[in-house]
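Participant: Sequence and predicted structure are below.
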Amino acid sequence: MSQETPSLPPGVTPEDILQRAAIDKSTRLPVLFFFTSGAAWLLVATLLGLLASLKFVVTGAFKYEVLNLARVQPAFVNALVYGWAYQAGFGVMIWIMARLCRTELRNPVTLIVAGHFWNLGVTLGVAGILGGQGNLHMKLLEFPAMVWPLLLAAYLLIVVWLVVMYSARRPGSGYISQWYILAACFTWPWMYLVANVLLNVFKKAGVAGPVVASWYANGVTFLWMVPVGLASAYFVIPKITGKAIHSYNLSSFAFWSLLVLAPWAGAQELIGGPVPAWIPAVAGTAQILLLIPMLAVCLNHYQTVRGAHELVNVSPSLRFTFFAAVGYVCTCVASAVLGSMSLSRYTFLSFAQDGVMMMGTYMFFTMAMFGAIYFIVPRITACEWVSGSRIRLHFWLSAYAIIGLCSLLLIAGVSHGSAIDEWESSFETAVMFSKGYLVGRIFLWAFLVAANFIFIHQLVLMVMNRGRKAGTPTLIHQPTPYETAELVITTEGAEA
Amino acid sequence: MNSLKSFILTMGACVGVPTVVMTLLPYGTERGRHAVAYQSVPDPANPAAPPKDPEEMKGLYYPVNYSGDRKRGELVYIQEGCAQCHTQVVRPDYAGIDQFKKGSGREQEYAKDQPVAVRQTHPWDYMHEDFAMFGIRRIGPDLANAGYRYLDKDGRPDAVKVNALYQHFYAPRSLRGWSTSPSFKHLFKEVKKEKPEGSADALVIPANLLLEVGMEIVPTDEAKALVEYLLGLKRDAPLPAAIAGTPPQAPATK
C-alpha cells in the first residue's frame, strides 16, 4: 500500500499512517458492499438502457410483456439512479467522511443491514415497474408507492452514522467535502419525503404533481449528485496533486450558493405548461444562477490542479475526476440553456432532457464515482488494480460513449421537437428526424456496456483480493523520466 | 461552519423556504381549487347577441370529475407507461405551436391558412387528477385532446377509428410503419372463434396479424378501459367566465 513508501510526504506522521490504515479497515466491509452492489446495478441499468435504446429502433425485439419499451425505459433510469448512483455515493460518502473526521467507523454491520434494505427497495421498485405496477407518470418517482418508506428508512439508517461521525470528529477545521456530504445526508431525504407525502399519500395534486416531481428530479441531480460528486472531487484532487484546495472562501461560497439556489430550480422544464407562469420562471432563473457556483468550483479546481495537469495522464482517479468536472460544467450549462424560453419551444419534454439527465447522472456523477472508487478500493483491499491499460480502456470507452450519447440525445431532442413544432408536418417527420440519432445511441450504449464489464471485472478481482500485490499504485501510463511530480501521486499529501 | 447545529439550521433555511414556495404553495393552491359554475355572460365575439338563458346554465360546472372505466383506464395509462412518451399539454402560442398543430383539438380538418386555435390547457383541466397527466416525454403525439380523433362527423365514437386505436395498441406498425410505439399485445387475448362471424368485441385486423385461422383477438378489460380513457380526453371545454377572465354578468341591481 501507498502508506508503506519509505519517504513520508511532508507533514504526515507515522501515527497518521497508522490511523488511516485503521479507518480503512473499519470501513472496508460497508464500502465494498455498496461499491459491489452498486456496480451490479450499474450493469443491470446499462443493459436495460441498451435494451431500451434498441427497442426504440428495432421495435420487434424481445416481445415480452415485462420488457415493454414503456417499462424498460423507466426501469433503466431508476436502476441507474437508485441502484447504482446512490449506492456508489454511499460508499464514497462513508469512506471520505471517516477519513476526514479521522474516526473509525463503529457500525459497519448496521450500514450493511441498511444497505440490504436499500437493495431490497430498489429490487422491489424495478420489479414493480417491469411488472406493470409502477407510477410511470412521475419522473424519478416511478417506483410503486409501497417502496418509498423502505428506501427512506434505509437511507436515514445509513446517513445517521455519517452525521454521528461528523459530530464526533477530531477537533479541527471542517473540510469542504464534509459539508457537501452532510448536505447530501439531509437534502435527499427531505425532498424524497416531501415529494412522496404530497404525491403518494395526500394525492389530489393536480398540476402541482408535475411541479413537485420536476422539483424533486432536479434536486436529485443538483442537491444530491452534485454535492456527493463534488465532495469526491474536493477530496481526490488535493490527494493526488498533493496540494491544498486553492481557496477556502471560494469553496465555501460555491457550497452555500449551490444550497441557496438549487432548491428553487427544476420546474423550468414545464415552460408553457398549464402551471402558474411564475413557477417555471423562478425555477429557470435559479437554474441559470446555478452557473455561478459551477464557475466558482471550476476556478477553484483549476487553480488547485494548476501546474500538475500532467497527472491527469497518469492517475486513474484524477483522470476520471477531471472528466467528471467537465461533465459538471456540461450539466449546468445544458440545464440552464434548456430552461430558456426560446429553446424550450423545441425541447419541451424531449430527448434533450434525457440527454441532460445522462449528463448529470453519468458524465458527471458516475465518472466522479469511478474516480473515487479507483482511489478508495486499493486502500481498503490492500491490493492494487490489476491493469492500468484496462483502466485506460474503461476510461476511453466510457468517455467517448457518454459524450456521444449526450450529444446525440441533445440533437435528437432538438430535431424531434422542431419537427413537432411545424405547422404541417405529420408526426412521421419527427420520428424520421430523430431516428438516425437513436440508431447511433444503440452503439454508444454497447460501448458503455463493454466499459462497465471491464470495470466490474476489475472491481470483482479487487474484492476477491486478487489484485496486484505490488506496493505501487496502478497508473494509466508509467510516468516518463521527465516527470518528476509522479512521486506525489503515490502518496497522500498532508492536506486532505 | 462552527457547529453542526448552526450548519443544519442554515441548510434547513436554504432548502426549507424553496420547499414551501416551489412545492407546498402550488400544492395548497391545487387543493383549494374548486369546480367553477358556468355563468351567463355576453359572447365576447358577438356582444350584441342576448346572453344565454341563465336557467340553462344552472348546475353546469367545470370540470366534471370522471369515474368508472375512465378512472380505471387512467391507471392502465399510468402503469403501462404511456406517459413516458405521450404528453397531454397544449402550450400557449408563445411557447410552441401546439394550439395550431393539425389534430391537436376539435378542429381536425380546418383550412390550412385559417387555423382555429385550440384552447391552451389550464390548471382546471387537471383538477380531478391525483397527478396531472402532463407526461414525462413528448416522443409520441400529444394526447390532450385525443378524444376528438376517434369521432365521426356527428361527434359520436366512430367504430372504424376506435378499432384502429385498438389495432394501434395491438400492432402499431401494422397501421403506421414508422411508428416507434411499443406493442401492448398483453392487453389482448387470442381466443378461438365461438361463432363464424366472430364475437362483437373482436378486433377487425388484417389477417396476417393472426397466428392461426379460426382465432380472434379480443381486448381485455384493461384495454377497453384505456380506450374509454383516451376517448374521454378532451381538454378544450369552454372555460367558465370566472376562470377565463371574462367579466361576469353585472348583477341586476338598481
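Facilitator: Arrived safely, thanks for sending.
Participant: rest of the way, CA atoms for contacts and neighbours
Facilitator: Will do.
Participant: in stretch B:146-160, what's buried?
Facilitator: B:146-151, B:157 (16 or more other C-alpha atoms under 10 Å in any protein chain shown).
Participant: so where do the helices sit in chain B?
Facilitator: Counting by DSSP state H, one finds helices in chain B at the ranges B:4-19, B:25-31, B:54-57, B:69-79, B:159-170, B:221-231, B:241-244.
Participant: nearest residue to the closest residue to chain A within the stretch 101-250 of chain B other than its sequence neighbours?
Facilitator: Using C-alpha to the nearest C-alpha, the single residue of the stretch 101-250 of chain B nearest to chain A is residue B:130, 3.9 Å away. Take residue B:130 and drop its neighbours on the chain: the residue closest to it by C-alpha to C-alpha, 6 or more residues apart in numbering or on different chains is residue A:204, 3.9 Å away.
Participant: hmm, who's touching stretch A:279-289?
Facilitator: By C-alpha atoms under 8 Å, 6 or more residues apart in numbering or on different chains, the list of residues contacting stretch A:279-289 from outside reads A:261-262, A:264-271, A:332, A:335-337, A:339-340, B:22.
Participant: Now that stretch: buried residues?
Facilitator: Within stretch A:279-289, the residues scored as buried using 16+ other C-alpha under 10 Å are A:279-289.
Participant: what does stretch A:448-459 give?
Facilitator: For stretch A:448-459, the neighbour count (16+ other C-alpha under 10 Å) marks A:448-456, A:458-459 as buried.
Participant: Kindly format the C-alpha coordinates of that stretch as PDB.
Facilitator: Taking C-alpha atoms only, stretch A:448-459 is exported to PDB below (Å, rounded to 0.1, in the frame of the first residue of the first chain):
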ATOM      1  CA  LEU A 448     -21.000   1.700 -22.200                       C
ATOM      2  CA  VAL A 449     -21.900  -2.000 -21.500                       C
ATOM      3  CA  ALA A 450     -18.400  -3.000 -22.600                       C
ATOM      4  CA  ALA A 451     -16.800  -0.400 -20.400                       C
ATOM      5  CA  ASN A 452     -18.800  -1.400 -17.400                       C
ATOM      6  CA  PHE A 453     -18.000  -5.100 -17.900                       C
ATOM      7  CA  ILE A 454     -14.300  -4.100 -17.700                       C
ATOM      8  CA  PHE A 455     -14.900  -2.100 -14.600                       C
ATOM      9  CA  ILE A 456     -16.900  -4.700 -12.800                       C
ATOM     10  CA  HIS A 457     -14.400  -7.400 -13.700                       C
ATOM     11  CA  GLN A 458     -11.600  -5.300 -12.200                       C
ATOM     12  CA  LEU A 459     -13.700  -4.500  -9.100                       C
END
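Participant: neighbours of residue A:133, just the number please.
Facilitator: A count of neighbours around residue A:133, defined by other C-alpha atoms under 10 Å in any protein chain shown, yields 22.
Participant: ok so it is a helix residue?
Facilitator: No: counting by DSSP: H, G, I helix; E, B strand; the rest coil, residue A:133 is located in no helix; its state is coil.
Participant: pretty sure it contacts residue B:81?
Facilitator: No: using C-alpha atoms under 8 Å, residue A:133 is not in contact with residue B:81, being 9.8 Å away.
Participant: and the residue nearest to residue A:468 when sequence neighbours are not counted, how far is that from residue A:478?
Facilitator: Once flanking residues are discounted, residue A:468 sits nearest to residue A:384: 4.8 Å by C-alpha to C-alpha, 6+ apart. The spacing between residue A:384 and residue A:478, counted by C-alpha to C-alpha, to the nearest Å, is 15 Å.
Participant: More neighbours: which of those two?
Facilitator: residue A:384 (27 against 13).
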